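A.B. asks: Show me how the following folds:
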Amino acid sequence: MNILMTGISGRFGRRVASRLSRKHHIIGVDPRKCPALPKRIEHHHHDIRHRPVENLFRRNKIDAVIHLGTVHNFRISPKKLYERNVMGTEVLLKHVSKYNVGKLVLLSSGDVYGPMPTNSHYITEEAPLMATQRFPEIRTMVAVDRAVQTFFWKHPDIETVILRPAHIVGPHVRNAPSNYLRLKMIPRLMGFDPIVQLLAESDLIAMLEDSLRSGIRGILNVAGTEPLPLSRIFHVLGKPTLPVPYSLFKLALGKMWQYRMTAFPAPELDHIRFHAVLDTTLAKKTLGVSPELDLYDILAPFRLH
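C.D. replies: Below you'll find the predicted structure:
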C-alpha cells in the first residue's frame, strides 16, 4: 500500500512512519527536516498547500492518506494556524477526492469536545464540539475535524476515519498531559478531582495502523485506560502534590506562558477541573486491536524511581 503521510517530521509522525514502513511504502510530506527517518521512507520537504504535493498524488497511486500535519503550537498567530491547519487540510481533501484515494485517516483529539462543567458522564462521537468556548486557540483543530466530518458524508466511496484519542502520554511525548505528569511535584487544583482517561502513544499507533484495514470507517473515540479519578493517577505516580487554588494557578500560568516559562497554556487547566470522559464503545467494536498497556505500564516512565 502506498501511504502519503503529513506531519512525518514530528516525534509521533516518525514513529508511525517507522512502524508502517515495515509493510507499506510511506511517502512523507513535511516542510521540516527529518534526518532520523529510515532510508526506505520518502520525505518530501513541502507544505501541503503547495503544488509539489499534488504532483505526488499525480505521479504515485496513493492508496491511503494519514493526516498528522496539524500544528498544535498555540504560540503561532491565529492567521498562520488557520492557513496551516484549515486551508492545508482543505487542499489535502481536494487531492484525496480528485485522485481517488481509497482511505483517509485523520488524527484529531478528544479535546475537541472540550472539558465542560456540563459534560455528560460519557461523551459519544455525536456530541457537539465545544472546545472553543473555553479555549479559543484550539479553534483550528476543531475546524479541521469538522472539515473531515463533512468530507466523510460527501464522499461515502472513500473510507474516512477520524480518531479522537483521550490524553496521549508516553516517554517521548511532549504535550501538556505528559509534561504535567513529568513534573517532580505536581500542582493539584483544590476542590477538583476529575475523571480522566489516558492512552499510551504505542497503543495509539497500533490503533492508527488498524484503521487502515479495509472496511474501517467513521468517527472513533479511543482511549487506553478505563475512566479513573485524577487522584488515582497521583497515587500510582507516587509523587508529591501541591494543592493550589484555581484562580492563583491560572494567574501564575498566564504570566509564565507570557514570558515563555511554560508550555502549558492556562486553558488546559480545565482538563484537571472538569470531566471529559470518552465513550469508546464504538471503537472497541470497530477496531481489531485493544490497548496493550495498563495504567501502571502507561505511568511507569513518569513514576519516581
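
A.B. asks: can you map out the strands along the stretch 51-200 of the chain?
C.D. replies: 64-67, 103-107, 159-165, 167-169, 186-189, 195-196, 198-200 (DSSP state E, counting those that start in this stretch).

A.B. asks: Mean neighbour count and mean pLDDT added to the ones you listed, as TSV?
C.D. replies: Backbone N, C-alpha and C define where each C-beta goes, glycine included. As requested, the strands of the stretch 51-200 of the chain are exported to TSV (neighbours: other C-beta atoms under 10 Å; pLDDT from 0 to 100):
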stretch	mean neighbour count	mean pLDDT
strand 64-67	25	98
strand 103-107	24	98
strand 159-165	24	98
strand 167-169	24	95
strand 186-189	18	93
strand 195-196	20	92
strand 198-200	25	97
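
A.B. asks: closest to Tyr259 out of the ones you listed?
C.D. replies: Taking C-beta to C-beta, strand 186-189 is the member of those nearest to Tyr259, at 17.9 Å.

A.B. asks: Can you spell out which helices and strands pack onto that closest one?
C.D. replies: helix 230-237, strand 241-244, helix 246-258 (3 or more C-beta pairs under 8 Å, 6 or more residues apart in numbering; DSSP states H and E).

A.B. asks: What strands flank it, and is each parallel or antiparallel?
C.D. replies: Note on strand 186-189: by DSSP bridges, its sheet partners are strand 241-244 (parallel).

A.B. asks: Could you check the partner strand and say which residues are buried?
C.D. replies: By 16 or more other C-beta atoms under 10 Å, strand 241-244 has no buried positions at all.

A.B. asks: Convert the C-alpha atoms of it to PDB, please.
C.D. replies: Presented in PDB, the C-alpha positions along strand 241-244 are these (Å, rounded to 0.1, in the frame of the first residue of the first chain):
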ATOM      1  CA  THR A 241       1.400  17.100  45.000                       C
ATOM      2  CA  LEU A 242       0.900  20.700  45.800                       C
ATOM      3  CA  PRO A 243      -2.600  21.900  46.500                       C
ATOM      4  CA  VAL A 244      -3.200  25.200  44.700                       C
END
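
A.B. asks: Can you tell me what sits against it?
C.D. replies: Residues from elsewhere that reach strand 241-244 (C-beta atoms under 8 Å, 6 or more residues apart in numbering): Met185, Ile186, Pro187, Arg188, Leu189, Met190, Phe234.

A.B. asks: Any chance of CSV for those, columns distance to Val71?
C.D. replies: Converted to CSV, the contacts of strand 241-244 look like this (distance: C-beta to C-beta, whole Å):
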residue, distance to Val71
Met185, 31
Ile186, 28
Pro187, 27
Arg188, 31
Leu189, 28
Met190, 34
Phe234, 31
